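Trainee: Provided below for reference: sequence and predicted model.
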Amino acid sequence: MKNKRMLYLALPVMLALIPLNSYAQGIEITSGGTVATTGDATIDISDGGIINNGTYTNGTETVTISGTTAGSISGTSTTTINNLTINPGAKLNLDAATSLNATIFTIKSDINGTGTFINNGTTVFGTTNVEQFLTGSGGATPNGRGYYISSPVATATSGVFTASGGNGLYSHSESAAGQGYTEITADNVGLSPMTGYVVRVGTSQVYTFTGGDLNNDATYTTPSMSKTTAAGTRRGFHLIGNPYTSFLNWNTVIDDLTKAGTTSNISPTIYYRTVNGSNVHVFDTYNATDHTGTNANGSGDVTRYIAPMQAVWVRVDGADGTEGQLTFNNTMREHVSGATMRSTEVSDVQSVRLRVSNGTNEDETILLFSPKAFDELDAWDSPKMSNNNTAIPEIYTYAGNEKVVINGLTEKALDKELILGFKTGKAGTFSIKLSENSLTDGSYIVLKDKLLNKEQNLTETPVYEFYSDIAATDSRFTLAVSRNATALDAEALAPTVDVYQSNRNEVTVTINGPLKPNSWVSIYNTMGQKIVTSPILGEQTVLKTLSIPGVYLISVETGGKKSISKLVISNF
């Protein structure tokens, strides 16, 4: 255990010589006092800082900031240090109107975290080194996870990752065909502040951003970001990065835009690219309007804190051709304990969370209920960013015509059925689980499987298991949140329907109950494609021959109610 102490120098003409190794909780030099280092001194300041109102004379010393409590450098005098190092997990502030010079300034990183630094004063650094530990595999042919990174050093280049060698470094352009990536293959390409990059490395180690100084501008603004008319799955999405050596509070970014009445055309949602417990890449989503984050990674909800050197996706809202911009400033910087982007965030919004799983990978969708939200697409909603991975099943709901992962709804949405979209690139057995229900009024959450004509009260039995072929369907599942499950079931009932295949391979639909005007029957395949539709004019309706064996859905709609039955056509 290090012996912590405060070096307090009050006498106006005292000269204090720091010996070879010194451990302190802080150094305070009062007006007229002097501190001078001798030889290659090592000064470890744990959970503290430096107050310099006198004279600090440097030599070839190394001052290390450690501990878990944020320290600070302050005072009226300029502090010049030979080698200033912030250890992994340590935090340091430079106070306003304070000057700090260092021949070498280093922020350390290891597998457990990275140090953070907030500069509110003036710095002059000879050489700046900011480390980031990354895991890699594959050696000269990297085959591990991709990291979304951003540079905190003004003059850092692609040489940080030896882009000319085996490591892969990529930039992204929304306006490129297919919104694709471009590989950077030279070591002299500048890494621009606020720009996000993707890197895949072959070796687990520390990678160091090196240059003359940190990104110290008072504000940083992205180039104009567009929503192009080019086809692709990433239309309107842009990869931006945190330019600071501290965490960036996304809530503050959006709050500043709201208070200023600025129309930035940027959604309040950010998207993290993370990995789950199976080491598979997934998208996690955070919405600054409703302060809600998803947990597709399986380790915890993502939050408003964008980590140092972290890149995230943002989306330009509006019609094709819309332009948007973002500005970051120093008030948005924070230290965060634990140096992680995953932690629980307090929210007073009532929520319902559903998770779909194939036993290996999972996806999540969230319903939020607030009087401030609208049932159409608004700032409370977060559009779905698909993983586009056949190994990951996905679920989502709709806000207007937009697929969303977070759906902000008014209380009027209670007692209504919502489409629950489902997508899988592989056939298999799946489960839909009610993983969270913070509704306080005793509401029931009812899942309906219209393919099997089944429903389940998830409030009482939270896991529903089912089989699915490869599918991307909006017609199989619905979800209703009701204050009265019995009333909901009665309201949703449609007439009983019998469906069978005749000897002539025709489909006969029999309605058991009163028939109302404007009734229709339709046949769909399991991909949701409509094959035929016909009005229902009597108790029985005979439809066309289905010549291809398989599973079909028979949808009967009468009196505003819909019933869906499954029909299996076997080999003839």
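Mentor: Yep, it's here. Residues are numbered from 1 along each chain as shown.
Trainee: so where is the stretch 151-300 of the chain shaky, pLDDT-wise?
Mentor: The model of the stretch 151-300 of the chain has pLDDT under 70 over residues 177-179, 229-233, 260-263.
Trainee: helices of that one, start to end?
Mentor: Listed in chain order, the helices of the stretch 151-300 of the chain (DSSP state H, counting those that start in this stretch) span 250-260.
Trainee: hey, where'd the helices end up in the stretch 1-150 of the chain?
Mentor: Using DSSP H, counting those that start in this stretch, helices in the stretch 1-150 of the chain do not occur.
Trainee: also the stretch 451-572 of the chain?
Mentor: With DSSP H, counting those that start in this stretch as the criterion, the stretch 451-572 of the chain has helices spanning 485-492.
Trainee: for the closest residue to residue 155 other than its chain neighbours, which residues count as its bridge partners?
Mentor: Closest residue to residue 155 apart from its sequence neighbours, by C-beta to C-beta, 6 or more residues apart in numbering: residue 211 at 3.6 Å. Every residue, glycine included, has its C-beta placed from N, CA and C. Beta bridges link residue 211 to residue 128, judged by DSSP bridges.
Trainee: could I get the contacting residues of residue 211?
Mentor: 127, 128, 153, 154, 155, 156 (C-beta atoms under 8 Å, 6 or more residues apart in numbering).
Trainee: next one: it from residue 80, what distance?
Mentor: 20 Å (C-beta to C-beta, to the nearest Å).
Trainee: just residue 297 next, same as before
Mentor: On the measure of C-beta to C-beta, residue 297 and residue 80 end up 43 Å apart.
Trainee: all the strands of the stretch 51-200 of the chain, residue numbers only.
Mentor: 55-57, 62-66, 71-74, 79-86, 91-94, 99-107, 109-110, 113-114, 116-119, 122-134, 147-149, 168-172, 181-183, 197-200 (DSSP state E, counting those that start in this stretch).
Trainee: and the ones you listed as JSON lines, adding distance to residue 428?
Mentor: Conversion of the strands of the stretch 51-200 of the chain to JSON lines gives the following (distance: least, C-beta to C-beta, whole Å):
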{"stretch": "strand 55-57", "distance to residue 428": "66"}
{"stretch": "strand 62-66", "distance to residue 428": "50"}
{"stretch": "strand 71-74", "distance to residue 428": "53"}
{"stretch": "strand 79-86", "distance to residue 428": "48"}
{"stretch": "strand 91-94", "distance to residue 428": "46"}
{"stretch": "strand 99-107", "distance to residue 428": "46"}
{"stretch": "strand 109-110", "distance to residue 428": "39"}
{"stretch": "strand 113-114", "distance to residue 428": "38"}
{"stretch": "strand 116-119", "distance to residue 428": "43"}
{"stretch": "strand 122-134", "distance to residue 428": "33"}
{"stretch": "strand 147-149", "distance to residue 428": "30"}
{"stretch": "strand 168-172", "distance to residue 428": "32"}
{"stretch": "strand 181-183", "distance to residue 428": "30"}
{"stretch": "strand 197-200", "distance to residue 428": "29"}
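Trainee: between those, which one is nearest to residue 517?
Mentor: strand 168-172 (54.1 Å; C-beta to C-beta).
Trainee: which elements pack onto the closest one?
Mentor: strand 181-183, strand 197-200 (3 or more C-beta pairs under 8 Å, 6 or more residues apart in numbering; DSSP states H and E).
Trainee: quick one: distance of the shortest one to the chain centre.
Mentor: Put plainly, it is strand 181-183. Remark: strand 181-183 is offset 22 Å from the chain centroid, using C-alpha atoms, centre = their mean, to the nearest Å.
Trainee: the longest one now?
Mentor: Average the C-alpha atoms of strand 197-200, do the same for its chain, and the two points are 17 Å apart (C-alpha atoms, centre = their mean).
Trainee: now do stretch 36-44
Mentor: The answer for stretch 36-44 is 44 Å, by C-alpha atoms, centre = their mean.
Trainee: next: stretch 302-315.
Mentor: 7 Å.
Trainee: got it, and stretch 220-231?
Mentor: Worked out by C-alpha atoms, centre = their mean, stretch 220-231 lies 20 Å from the chain centre.
Trainee: what mean pLDDT does stretch 353-370 get?
Mentor: Stretch 353-370 comes out with an average pLDDT of 95.
Trainee: likewise stretch 94-104?
Mentor: 96.
Trainee: can you tell me the distance between the two ends of that stretch?
Mentor: 16 Å (C-alpha to C-alpha, to the nearest Å).
Trainee: next, the buried residues of it.
Mentor: 94, 95, 98, 99, 100, 101, 102 (16 or more other C-beta atoms under 10 Å).
Trainee: check these and tell me the two furthest apart.
Mentor: For those, and using C-beta to C-beta, no pair is farther apart than 95 and 102, which are 15.8 Å apart.
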